[in-house]
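Enquirer: I'll drop the sequence and a predicted model, then ask my questions.
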Amino acid sequence: MDGYIYRISGPVVTARGLEGAKMNDVVKVGKSNLVGEIIKLNGDDAIIQVYEDTSGIRPGEPVEDTGRQLSVTLAPGLMGGIYDGIQRPLDKIMAASGDFISRGVEIPAIDYDKKWHFTPTAKEGDAVDSLSIIGTVEETSMITDKIMIPYGISGKIKEIKEGDFTVEETIAIVETDEGDKEIQMMQEWPVRYPRPVKDKLPPDVPLITGQRVIDSLFPVAKGGTAAVPGPFGSGKTVIQQQLSKWSDSKIVVYVGCGERGNEMTEILTTFPELKDPKTGKPLMDRTILIANTSNMPVAAREASIYTGITIAEYYRDMGYDVALMADSTSRWAEALREISGRLEEMPGEEGYPAYLGRKIAEFYERAGRVHSLNGSLGSVTAIGAVSPPGGDLSDPVVQNTLRVTRVFWALDAALANARHFPSINWLNSYSLYIDDLKGWYSSNASDLWSGLYSESMNILQKEADINEIVQLVGYDALPESDKVVLDIARMIREDYLQQNAFDEVDTYTSMHKQFLMLKSIIDIGEKEKAAVARGVLTSQMGKIDAKAKIARMKFTPEEQIDAYYKDLQSSIADMDKIVKISGD
Amino acid sequence: MENVYYKTVKQVTNVLLFVEGIKDAAYNEIVEITLEDGSVVNGQVLDTKDGIAVIQSFGDTTGMNLNSTKIKFTGRTAKLKVSTDMIGRIFNGMGKVRDGGPEIYSDEEADINGSAINPYARDEPSEFIQTGISTIDGMNTLVRGQKLPIFSGSGLPHNRLAAQIARQAKLLNSDEGFSVVFGGIGLNSEEANFFINEFRNTGALDKSIVFLNLASEPSMERLMLPRMALTAAEYLAYKHDMHVLVILTDMTNYCEALREVSAAREEVPGRRGYPGYMYTDLSTIYERAGKIRDKKGSITQIPILTMPGDDITNPIPDLTGYITEGQIVLSRDLYRKGMYPAVDVLLSLSRLRNQGIGKGKTREDHSNVADQMFAAYAHGKDIRNLTEIVGEEALSDSDKEYLHFADLFESKFVKQDYYDDRSIDQTLGIGWDILSNVDRSEMKRIKDAYIEKYGKWKK
């Protein structure tokens, strides 16, 4: 049913005459066919947020209700793609409309002409249900798609064929109570609804990132949630990119939400050249980018994180571990605020709508490690960056995010200025998964792990306390037992927590190497304490062999690490020979 | 729509007019407002619905009334006629000629709001721009296609610095210069004259386009001016393969105008009364910098803003910093000490520095030297603070070296003359000179090979 435009105010358009319009229906606005979504109904008025620039649009122009909800297309061909906030492929938009994004472009998210080789794994007569896996498609060098029965269909397979098909062609027929249903590889899913799951599992497996400060001190579980707030220039983006590159999730969905165009360009130029550390294949083969830069329409920015997480859930349902990075959710919240302002809603804190907290919670709640409806075990880990204004953590977006996320990596401008990277502050950050993950660490890294963890956190905490005293009385006035703690803490900070993302070896550290490194530092610490107890001065131990070796350990390649560790252990054993210098 | 006038103004505030009886005013459509005395002011549609349009006037609403003020809807959104004839000319915030010369005639016109560059079409900025200023070239390198703002304060030499960059900016090993598009937003006439004379005297005006809105002129035009300037810049860059340096000063005045309109529309204010959409709005200006893969030209932006109360957490610098690729921060302390251009390198940052420097671009040792100087200067400044408490006598020899380094860094490296155009070799040379005042064993961030090759320590 066609209606017409009654009012235009920025990205918010009011339409009249849309009979039977439903909330969240996608509409085509004006003669230029701009994409919009109904966000409020009021009498005959349908309030629409428009995903494209509305300049030059006039009252009276037509509005068409498509009757569909804002949905993403899910099918082979997504991997390696770059999309805008409403899943329009930016590479194809460029081919169609040039270097600048013009309005009203309609291009399908995936290639309808490409043929994929479908290999059935189910056979005729098999009973199938929502999301049952019936076959596979090699999507990229690294990702094998599991083709699933669309949600809501159950019955018996009447026919299934192997061969090359486009995503729209029928690959199977399912006999259901309501008659035969043709099954295609392509499915749609409305972005604002979480895809249903069978059950959620406890978060007891960590997402291994190869970043020492994260894996060792503030781990995030697979299916967990993490927040990364940071003032600008504190290295937030580098951390997210490191996680995309190195984390052991099989698939990465990166949502650039209201960020810089050149940052997306950097990802686009570096990812295809980067090799996955485990398979040696291009990283792009397991990455999907959603790019809605700050200057692209604000309403599409609001949609972008839903588009991202829905795609993540789709691959989760196939049984993959997916990491979703959203950079930055503050920009997303600002989009909410801007639209809420246009709707003249009563504002909550700082002008944000009163439902900000609910929206943020709903988003993070879509993360999780789950059994999907077909029984596969997959996860979506959601890592959201927040950009607090002026670095002020009392900002409502930060506060609402902290209420729902369980890991907090506090990026610190002071550390960044001192060129300590990653600039995650070890005193302010936390991970609530530590207890859940203890079991995994003791069986996969070492049963000594939890002791090492507590000891290191303990030393770092003590260092902060001692440093306060130093401010008052000076370093020289400290007792030797305190000086030695400062020395151990310095090793943890400089030789362990500092990690150079741009160094070939240091950029990734396996759990095994992390364990050996941390154990060596704590061992050296124990020997130092013992030496101090014998009357040795901390200053005497400045240049010992073991310390020079621990400093170089992070640059030692993984394959040499065991030999290096052995050698280091003998240097550590030598520390027993350090004796008190007598007489002064 | 030709020659149809509406005389149905129902309400006038100091920037807004509410017009009734109009059925289909387009969103963002440009209108002409004719006053009783025949003078014409432009305006733009901010909100439109069947029967009523809200118009933002670009001029003063003084003298407008409800009976005789006439509104004409032009049927078009804001556009700028573009032509290479614009080079060497001066325009106002609405894109009208203001230097007394002939009008620009052209068949080509472009929407001043532009369109977002497809992120997929962007090319990574990587070509070093030599500004001749050590603190920028050496420590916070500018590259072609970057947007690097100058965060300043009232009374600091940001305008001189901008003029010096405009005069000196060039690429190494290339004859391609820059065309400058200058946007003066709410400047006082002295500042405006400074820039115009500067451009005239150096001959820069012959390859520049100047857009100027004076402090005494309508503040609403300030909202249009950066977009006009960037539209002209995009025309030169993408239609005529030119490399364009866009200088916008003072963005604080732009944001003030944005707040003024927002308040007049009775919108829900965000922080410090600035509208909630200021981030999005600023990004539609700053994000127009860049390089496009299959185009030869490029746009590099240097927006200048004065931080109210020197407060970097104020929404204007804060939101700008989130969009731009770094910032050059000027320091009042350094300026008081006479260290023009008074760049505080520790607070400054160029996010694209590493893309633009190194072997084949500047020099192999560039990144190492810069990192070492950052570390040494930061340490030296810490020690300077310490000295105020404990006195210089209490310092160790090594600490004294660092203290001395911090002084040299400011007096030799930061400080330079307004006409001092240093090559990158000179800049790095000064760096090595002053580093040699610190013990060689402290050079932990520089590769030994570079120390052998460039180091100035006595053997």
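Expert: Received the coordinates, thanks. Numbers count the residues shown, from 1 in each chain, chains lettered A, B, ... in the order given.

Enquirer: which parts of the stretch 151-300 of chain B are strands?
Expert: For the stretch 151-300 of chain B, the strands defined by DSSP state E, counting those that start in this stretch cover B:170-171, B:179-187, B:208-214, B:243-249, B:290-292, B:298-306.

Enquirer: which among those is found nearest to chain A?
Expert: The closest approach between chain A and any of the strands of the stretch 151-300 of chain B, judged by Cβ to the nearest Cβ, belongs to strand B:290-292 at 4.8 Å. For every residue, glycine as well, the C-beta is placed using N, CA and C.

Enquirer: parallel or antiparallel, list what pairs with that closest one.
Expert: strand B:122-123 (antiparallel), strand B:298-306 (antiparallel) (DSSP bridges).

Enquirer: per-residue confidence at the residue of the stretch 1-150 of chain B found nearest chain A?
Expert: Among all residues of the stretch 1-150 of chain B, residue B:49 sits closest to chain A, at 3.2 Å; criterion: Cβ to the nearest Cβ. According to the prediction, residue B:49 has pLDDT 86.

Enquirer: backbone dihedrals for it, both of them.
Expert: For residue B:49, the backbone dihedrals are phi -150, psi 170 (criterion: degrees, to the nearest 10).

Enquirer: who's it bridged to?
Expert: residue A:7, residue B:52.

Enquirer: can you give me the pLDDT of the closest residue to residue A:182 other than its chain neighbours?
Expert: What sits nearest to residue A:182 in space, not counting adjacent residues and going by Cβ to Cβ, 6 or more residues apart in numbering or on different chains, is residue A:170, at 4.3 Å. The score at residue A:170 is 95. That number is its pLDDT.

Enquirer: in contact with residue A:170: list those residues for me.
Expert: When contacts are counted by Cβ atoms under 8 Å, 6 or more residues apart in numbering or on different chains, residue A:170 is found next to A:182-184.

Enquirer: okay, now the unreliable bits of the stretch 1-150 of chain A?
Expert: Scanning the stretch 1-150 of chain A for pLDDT under 70 picks out the ranges A:1.

Enquirer: show me where it has strands.
Expert: Applying DSSP E, counting those that start in this stretch to the stretch 1-150 of chain A gives strands spanning A:2-9, A:12-16, A:25-29, A:34-42, A:45-50, A:62-69, A:71-74, A:82-83, A:116-120, A:127-128, A:133-138, A:144-148.

Enquirer: okay if I get those as TSV plus mean neighbour count?
Expert: TSV is the format used below for these (neighbours: other Cβ atoms under 10 Å in any protein chain shown):
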stretch	mean neighbour count
strand A:2-9	20
strand A:12-16	24
strand A:25-29	22
strand A:34-42	19
strand A:45-50	24
strand A:62-69	16
strand A:71-74	22
strand A:82-83	26
strand A:116-120	18
strand A:127-128	17
strand A:133-138	19
strand A:144-148	22
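
Enquirer: tell me the mean pLDDT over the longest helix seen in chain A?
Expert: Determined from DSSP state H, the single longest helix within chain A is helix A:449-473. Average pLDDT, helix A:449-473: 92.

Enquirer: now the element after it, going C-ward?
Expert: Tracing the chain C-terminally past helix A:449-473 and defining elements by DSSP states H and E, one meets helix A:480-490 next.

Enquirer: the stretch 251-400 of chain B: helices as residue ranges?
Expert: Listed in chain order, the helices of the stretch 251-400 of chain B (DSSP state H, counting those that start in this stretch) span B:251-264, B:278-286, B:315-323, B:332-336, B:353-356, B:366-390, B:397-408.

Enquirer: residue A:308 contacts residue A:326, doesn't it?
Expert: Yes. Look at residue A:308 against residue A:326 with Cβ atoms under 8 Å: they come within range, at 6.6 Å.
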